[in-house]
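[1] Pasted the sequence and its predicted model underneath.
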Amino acid sequence: MQATLSKQTLPRLDELGTDLLLTTRSQHWLALTRPFIGLACYCIAVYFGQWWLAPIIVFLIFVAVVTVTHDVVHRSLGMTQRQTAWALFLMGSVLMESGHAYRTTHVQHHKYFPADEDEDPEGYPAHIGLLGAIFYGPVFLYRLWWWAFRRNKKRTGQRVWMIVEVLIPIIVFTTGIFLWKTMPAILVYAVLALVGSWVPPSSWNSPITWSTTFILRCPATTSPNSLAASIPSSKRRVCSTGMSFREEKAFADMSRN
Ligand SMILES: [Zn+2]
């Protein structure tokens, strides 16, 4: 399948319709505020003692953060450089993850997947099987952070962001432990977010995810007009394969030819 697809000419974004790139200001704000709306919902739920809602809300926050951070990384929300830096910091902070480290490894991922760990640390779990990826989950983000930190050796500004971002989980967990008796919601949230961050590497190994990942990241789609990279999430009415309906149709048409 890989060989077949790489030989074919994939449709360009302008062939599919550049209106895919157009999003409204309100869509931008909704995408950016959704994680914080989720946090507010979490606070309300635990305030009223509805702890059973906690994992569900944290899962939805996780999805909201991953979605918008991907848009921010690919600059598809029309933000300035400074706004992008702050958005990476704030969105990552919601899950106690480093948005700047993610940007470094994710851009690399689009360029080099499939490659070994040195070239593409983000895609590495796709090569070690489901069981390997499950065990790799707990160290995944730390390895990405360390890779990104070394990668930005000459970019002090990026390193400062990353150092601040890596302190956030330490602060949250410490606070959560100290306030456990009076405010258990902090530590519960931190644990749920941490455990949630172990799951994505395993999902790389599902056959559907893997094939989609390849399609969206093969050389033809990693140009500046990349389908996967350019289209904001608000325009991506995602199908079961993770592609937007229009992308799926284009790929289906391509496969028939
Ligand atoms: Zn991407």
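    Cool, got the structure. All values reported here derive from a predicted model rather than from experimental measurement.
[2] ok, now how distant is the residue nearest the centre of the chain from residue 35?
    Residue closest to the mean C-alpha point of the chain, counted by Cα atoms, centre = their mean, is residue 66 at 3.8 Å. Going from residue 66 to residue 35 by Cβ to Cβ, to the nearest Å gives 10 Å. Just so you know, the C-beta spots here come from the backbone N, C-alpha and C atoms, and that holds for glycine as well.
[3] I figured residue 105 hits residue 148, correct?
    Yes - if you go by Cβ atoms under 8 Å, residue 105 and residue 148 touch, sitting 5.4 Å apart.
[4] For residue 58, which non-adjacent residue is closest in space?
    Closest residue to residue 58 apart from its sequence neighbours, by Cβ to Cβ, 6 or more residues apart in numbering: residue 192 at 4.2 Å.
[5] repeat for residue 103
    That would be residue 73: by Cβ to Cβ, 6+ apart, it lies 4.8 Å from residue 103.
[6] Check what pLDDT the residue nearest to residue 58 gets.
    Looking at residue 192, its pLDDT reads 97.
[7] swap in residue 246?
    So, for residue 246, pLDDT stands at 52.
[8] Equivalent analysis for residue 206, please.
    Reported pLDDT for residue 206: 59.
[9] same deal with the one 5 residues further on?
    Reading off the per-residue confidence, residue 211 sits at a pLDDT of 44.
[10] Count the neighbours of the residue nearest to residue 103 for me.
    Number of residues near residue 73 (other Cβ atoms under 10 Å) recorded here: 22.
[11] separation between it and residue 107?
    Taking Cβ to Cβ, one finds residue 73 at 7 Å from residue 107.
[12] got it, and residue 153?
    Distance from residue 153 to residue 107, by Cβ to Cβ: 16 Å.
[13] and if you look at residue 159?
    16 Å.
[14] got it, and residue 99?
    For residue 99, the distance to residue 107 - Cβ to Cβ - is 13 Å.
[15] repeat for residue 97
    16 Å.
[16] Quick check, pLDDT for the residue nearest to residue 140 when sequence neighbours are not counted.
    Closest residue to residue 140 apart from its sequence neighbours, by Cβ to Cβ, 6+ apart: residue 201 at 4.8 Å. Looking at residue 201, its pLDDT stands at 82.
[17] Which elements pack onto whichever strand or helix holds residue 201?
    Per DSSP states H and E, residue 201 falls inside helix 200-203. In terms of contacts (3 or more Cβ pairs under 8 Å, 6 or more residues apart in numbering; DSSP states H and E), helix 200-203 is packed against helix 129-151.
[18] No further questions, thank you.
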